[in-house]
Each structure stands twice: as structure tokens, then as C-alpha cells.
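# Predicted model and sequence follow; I will ask about them next.
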Amino acid sequence: MKKKFLFAMFTLLIVLTGCSQATKSNPAAVDKNELVFASTKDIRDINPHLTGGELAAQNMVFESLVMNTPEGVKPKLAEKWEISEDGLTYTFYLRKNIEFSDGEPFNADAVKKNIDVVVANYEKNAWLNLVQVIDSTKVVDEYTFSLTLKTPYYPTLEELGLTRPFRMISPKCFIDGTTANGVNGYAGTGPYILAEHKDNQYALFSVNENYWGDKPKIQHVRWKVMPDHQTILLALQNGEIDLIFGADGDMLDANAFTSLQDEGKYVTKISPPSGSRSILLNSKREATSDKLVREALQYAINKQTIATGILNDTEQIADVLMSKSTPYANIELKVRSYDTQKAEALLDQAGWTKSDDGYRYKDGKRLNLMLSYNSDNAQEKTIGESMQNDLKAIGVELELLGEEKQAYFDRQKSGEFDLQYSLSWGLPYDPQTYVSTWRVPSHGDYQAQAGLEKKKWLDQTISDVLVEQDETARVEKYEQIFSYVNEEAVYLPLTYSVVKAIHAEQLKGVSFNVSQYEIPFELMYFE
Amino acid sequence: MKQYVIKRIAGTVPLLLLVTFLAFILINLRTSDPAEIALRVNQITPTEEVVQSMREELGLDDPFLIRYKNWMMDSFQGSLGTSYVNKKPVLEELRQAIPPTLELAGATLIIIVFFSVSIGIICSIFENRWQDRFLRGFIFLLAAMPSFWIGLLLMWYFSVYLGWLPTSGKNGPSSIILPAVTLSLTFLSTYVRLIRNNMIQNTQENFILYAKLRGLKQSTVMWKVFSNSIQSALTAFGMSIPRLIAGTVVVENIFAWPGIGRLCVKAIFNSDYPVIQAYILMMAVLFIICNLLVDIVVVMIDPRLRREAK
């Protein structure tokens, strides 16, 4: 009997383990022509004129007239451009001899068709200010195209260079003359073409053999969908993927990043500051409507603990809302550094007095605040707990309210929060698109500012600065905007967010684009 | 017999209606606006006008009962509507996601049958000796661990440490092993115990005693014990199949398996009503059919029930 038992156990072991290959499969190491990138999300529909697809994938296939670089706007599909005196007409001189990957010629007619369909689908694209101000488009000659605006709009070139919606797709891909209801192919002018896409499994990009610029060295990019973060890390360790790339804990939390960094087997990279992570202090809610309270909160938070203890020093501490490297934000503003004594003094001054239980009271009411966050985001919860601790020290009770994503958005829209997270859009959307959304009631920023005395003036100044043609006046207006929200202490700046990348050692050329949502695959190569 | 089957099939119709109606109510109790969510998922700023036009486009302005009626009529005609989020026909989405889940469930079923039978028999042979206790303890321990945890442990050990299997994805036959093993562990413990206990009980039955007295071969006696022990396990098994298919959610997420569980979770997060509704309908049908088949099989096997059915 015993023998039989042992035999059965042995069989069990064999079956459990034996069906596999005995050699370690390492597809990434074998085929050096293919880069495997893991993402928690599928690329979905990469129609460049809609917002449903992954930006990084759209960016591989489609290009725009100009591109955003750290040194400003540079030519891309347009060789050069002219802006009329009144700032209303932009004339673009297009590069010649470029074809879409389906063989259609790229010319002024194609540009006009692309821009026209984006503007025609106004409802879905009006989130971008440029779409709202475009008046007309014109084919001047085969390779000259002009764009006329209703009012001058200074970030026109920056917004034309965004990953969407103003990217060029072959007019042959339009369905019934539009892209609003989908496209019948993804023919762009970019360095890669989408060769294969299996929903929720992978997408395979191959080099565009007719690419007009420098052809990428890596022949294929395989975009693998892996919904679980832990699986992505294990797959990287197993050599199944070559690259993890993403912003704001999207792909990697700070702990995983640091532990991989410590392991020393991978290359880890961090981009320059891209966006701003802050806490909104709602000026319309009872306790936080008092500026003294808002200021006290600013002095009470130990940002060093957050940056070092929670974010493992992967992000920089933010003294003010926008980092100085953001356009128009290089201004001297009042910095409120960690100082609990000052915080306590301000609360005393505001009439909140400390009681025996350690909390502060006013008219018999305890100083109790609620921080609302999206429960999907583990990092935000941890930051909240750190703040809870800091505030308790000065006698403020902070309640953490984690809600499912949509409930969180509903709360944001209704303004029913004392404190809530605010993430700026990141470059190149900052500062113009970020401040522009402060005027939209569905955004938490609007709600948090709604109690400010000069909110109307603030919204008007934002509207003005977007159409301001004069550079000096623009600088001045932005200074007024940032000074006012800083003075009123409605934003509690925490850190400047960054993009993180981890990759295998043999992968070279990994860098960052200005936009945190793009991944420059075309510059990468294996060695 | 025929009559019994017809009666049972007719009974499923009101059951399906009830299930789908309850599901429809529950889904609609959610306070968030699906039109707004559909916009947000596609990263469109939901201003009032856009939300309103989206509501009209999705037919969300109709009263609740009208929407239910429309959905029912469409379903009868074989159309399960289009997804709110990506505008693809739901049927198409299901068609893509069902085969991988069935593959996974099939592989899991094979593992469950093989191991629960073999371990169950071993346990009964060694009743209450250390081998029995060890195996039961071990299986119990595995079943008690949550599947995401055991899945990651298996992944780490067999993929990263030993390098034998791919971590995840649906890529060749070897990629199904880890998710199927992970999924089977939850069920294994139940069946091992069921078969073991039945085997032990049956060994003490009179008909086995007589069989032994008649001098039948040891293997023939064992087979009699076994075939009598398997019946109740079969019933439980039948109901495990839909549970297995509905229970792949966690495992599919961890192992990046492109099946129906992932589709459903995504739909829930995005309030994609047509997809959720189709999923519930599918699962209800599956449960009802499996239940029906099991009942019919049991009636066919058991002469007493067969008489009753007549």
C-alpha cells in the first residue's frame, strides 16, 4: 500500500510540474527586434481624433504639424510657420513627399480635412480651448495650409502639438467623411504602424517602412495588457517584458520602484517634474471657508514625511502649486513650510481653541475635516493617513473618505468635500489647460475656489490670459492668477509628480517626452 | 420522463424573467449616471450638454420599465445591445471573451476531477492515518488561501524562480497551467472530502461485504465502492461548472487571461449596463441549464426518482 501511495504522490508531482518546458523561456532575450512593454490598460480605439484610446499608442502612429519639446514648439509635419500680426492667422508650410502608411499623400488638403473633422465634432473635443476658437481652415496651395482663429489664442501651437486631437490620419480612414463615429483603419505618418491588435491581450506595432524621419531601431513593439501590477513586476523579473513606464502610480507604486532600484538588475529612470500634486482646501465649506484655517493646514503638513516616507523620494516636495519649470510659473510666491507652532497660532487666532481631549473646538463644535479620495489609488490613502497624523498634532480631526472612482467624481462635482486631491494635467497642458479647467464647475478646483471673494475676477482673468497676445501682459496675468490662489491658500501643494521608467539593462535610449502620457519608443534600441 | 423535462424547461422562463428584472433594478439603483461615466472613461469632460446628449444617445432618458421592455425585446431577437463605453456590440464582446474562459474552466475541471478523485481515494485508503491527515490538511490549507495570493506565489515559484512557465497571458498551452491550478484549489478541498467520506461510508455497506464474501476481485470491489461514491459528487460537480465560469474574475485579472471575468469587472467599474446585463443573463442561463441537466441526470440514474417523475 505504501508503495502505491508513494507512486501516487510522485505522479501528482510530475503532473503539477512536468507539463512545462524545462528551459527558462525568455522571449524578450531571444528576439531583440521586439520590445515588450506592459500596461494595465489595453490601447483600445486609437482614433487620434477621439479620446478613447491610450495616448502613448496614439503617439506612436500619428503625428501633428508641430511638436512640444523642452525647448518649446518645434517643427514636425510642418517645416515652418508664420503667425499674422493680429495673431489670428497661422500659415503652415508642410514637409513634402510624406505619405500616410496606406499610401495616401500628406498635403494641405489632408491637413484641412483632419482639422475640419476635429472641429466639427465640437461636443467631444471642446475640452481643448483651441477647438473653441478655430474659425476656418484653408488650403493655400498643395503644401501650404492656413488656420484662422476667432480670437487670438496664445497656446495655439502647443495645443496643435498635443497627442490629441490634432493628429493626422489618412482621409481614406474616415467613415462618411468624418472620424467622429470611428475610423476604418489607422494609417498615420508616424514611426510605427499598428500591425495587430487583440482586444485586452496585446497590440503589436511594427516599424513604418516608409517613415519620413529617422526610422526607429526596434522593429516591433509589443504592448501587453496585464491588469495586475504585481504580475507586471514578476513578468519583468522573469524577462518576459522589457519596459514599465508610467506616471502617478499608474504602473508602479513607489515601493515597488525602490525595491527594483535596490535590486540593481534593472535601470530605473525618473523624469523631470511633470505635473503638480496638491490638496484642494474647499473655500466654500464651513471650517475651511476661513482663510486662517486654510493657512494653518498649510503649515501643519509635514511634506518631508510624504516625499521620503511614502513616495520614497521619487517626487520633489512642492513649495508652491506649480513648479518653477512650468511656463509662466517662475514667480516668487509666499512659501508656507512645515511649522506646527505657526499652525497652532493661526487656529487660535481663528477662534478654534484646544480642549482637554487634544482637539480644537469653536462654539462647542469640534474642528473636523473630511478628505475625499479615490479608493482605487492606494498611494492617496497612505498620504491621507500621514496628513491625518499631522493634523491631529495641531488638534484637527481629519476623516478619510475613500470612495469608488465615480462616487469620488460625483463628490468632486458637487463640492461636498473639505479636502480633495488635485492633480494638474502635466506639461505641456500646464499651465493653460489646467487653469482653464478651474472655470468648469465639474472640476474640484472650481468647487474649492467657489467661496473665494474674487472668484469671478479669477475666472475672467483666466479667460483673458488665454487670449492675451502680448507676452508681457500674459506673464503679468499669470502672476496675478497664481499669486491670488497662493495668497488665498486654496491649494496645499504636496509634490511635483514625475514619470517613472524601469527597464532591462540591454534596453537603451529610454527617455521622456514633454507629455507624461507619451512614450518615446522610437528612440529606444537594444545593445 | 419527457413530461418531466418539458415541465422543468417551461419553469425556467419565469425564472429567467425574474432574474433579469431583479438585475435590472439592482443595476439601476446605482446613483452615478452611466452616461457621465461613459464620457469620463473616454476622457471627455462631462459638461451638462455633453452628458445630456449622451443620455439621449444611450436611451437613458426613457422610463425604467420601457428600457427593460426594450432590452428584453432586443435580447429575444438575439441582440444584447451595444456597450456604452466602446460602442461595440455586446454579443461580439462576449463572443471574444467566452472561449478563453471556457478553456480555463475546462482545464480547471480536468485538474479538479483528476486530483479530487485520486486524492479522495488515497485518503479513504489511508483513513485517519498520517497520509490521510497530511493530504487533507495540505489541501485545506491551499483552499483557505485567497486565490490572488496563491496565484502570485505559484507565479513567483514556477515562473520567476524555476523559470518553467510563463507568468501570465494567453500564449500557448503552457500558459493555462498556472491559472487553472490556482482556480482549481478553491474547489479541490470540497470534492476530496466528499469522495473520501463517501468511499469510507460505502466500504462499510452490506453490498460491499457481500461482494467480498462472493470472492470478487479486490479491484472489482473497489470499483463498486467508487461508482457508488461518485454519485453525490456528480451532482455537486454539475453545479460547480457555472460557479467555475463565474468565479474566474480574480484569476483572470492576475494572470492577464482575456476572459469573461475581466470583461465583467471592467463593465461594472464603467457602469456599462448592457455588458453587465448580458453577463448576468448569460450566467443565469448557465446556472439554470446546469441545474436542469443535473436534475435530469440524477432522475435517470436513480430508479426511485424515475418512478416519482412518472
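Noted; the coordinates are in hand.
# residues near B:Met155, how many?
As a burial measure, B:Met155 scores 26 neighbours (other CB atoms under 10 Å in any protein chain shown). In this view, the C-beta of every residue, glycine as well, is placed from N, C-alpha and C.
# I figured it hits B:Trp164, correct?
No: B:Met155 lies out of contact with B:Trp164 (CB atoms under 8 Å); the separation is 11.2 Å.
# Just the closest residue of the stretch 51-200 of chain B to chain A, please.
B:Gly163 (3.1 Å; CB to the nearest CB).
# Would you confirm that that residue belongs to a strand?
No: looking at B:Gly163 with DSSP: H, G, I helix; E, B strand; the rest coil, it is coil, so not inside a strand.
# Make sure it is actually in contact with A:Asn238.
Yes: counting by CB under 8 Å, A:Asn238 is a contact partner of B:Gly163 at 7.1 Å.
# Give me the more crowded residue out of these two.
When B:Gly163 and A:Asn238 are compared for neighbours, A:Asn238 comes out ahead with 22 against 17, by other CB under 10 Å.
# Now do the contacts for the more buried one.
Going by CB atoms under 8 Å, 6 or more residues apart in numbering or on different chains, A:Asn238 touches A:Asn26, B:Ser159, B:Val160, B:Gly163, B:Pro166, B:Thr167.
# burial count for residue 123?
Picked chain A for this. By the measure other CB under 10 Å, the count of residues near A:Glu123 is 15.
# nope, chain B please
25.
# Could you say which helix or strand holds the nearest residue to it once chain neighbours are set aside?
Counting by CB to CB, 6 or more residues apart in numbering or on different chains, B:Arg196 is the residue found nearest to B:Cys123 once chain neighbours are left out, at 4.1 Å. In the assignment (DSSP states H and E), B:Arg196 maps to helix B:177-203.
# tell me which parts of the stretch 151-300 of chain A are close to chain B?
A:182, A:198-202, A:224-228, A:230-231, A:234-235, A:237-238, A:240 (CB under 8 Å from any CB of the partner chain).
# Please identify the helix or strand for A:Ala407.
Going by DSSP H and E, A:Ala407 is in helix A:405-414.
# in the stretch 401-527 of chain A, which spans are helices?
A:405-414, A:432-437, A:444-449, A:455-467, A:471-488 (DSSP state H, counting those that start in this stretch).
# Tell me, how many residues neighbour B:Gly137?
Neighbour number of B:Gly137 under other CB under 10 Å is 11.
# could you list every residue that touches the closest residue to A:Gln237 other than its chain neighbours?
Leaving aside its sequence neighbours, A:Gln237 sits nearest to B:Val160 (CB to CB, 6+ apart; 5.0 Å). Taking CB under 8 Å, 6+ apart as the criterion, B:Val160 is in contact with A:Leu234, A:Gln237, A:Asn238, B:Thr167.
# In CSV: the residues you listed, plus distance to A:Asn59.
Shown next, in CSV, are the contacts of B:Val160 (distance: CB to CB, whole Å):
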residue, distance to A:Asn59
A:Leu234, 28
A:Gln237, 28
A:Asn238, 28
B:Thr167, 27
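# out of these, who has the most neighbours?
Tallying neighbours with other CB under 10 Å puts B:Thr167 at the head of the contacts of B:Val160, with 29 neighbours.
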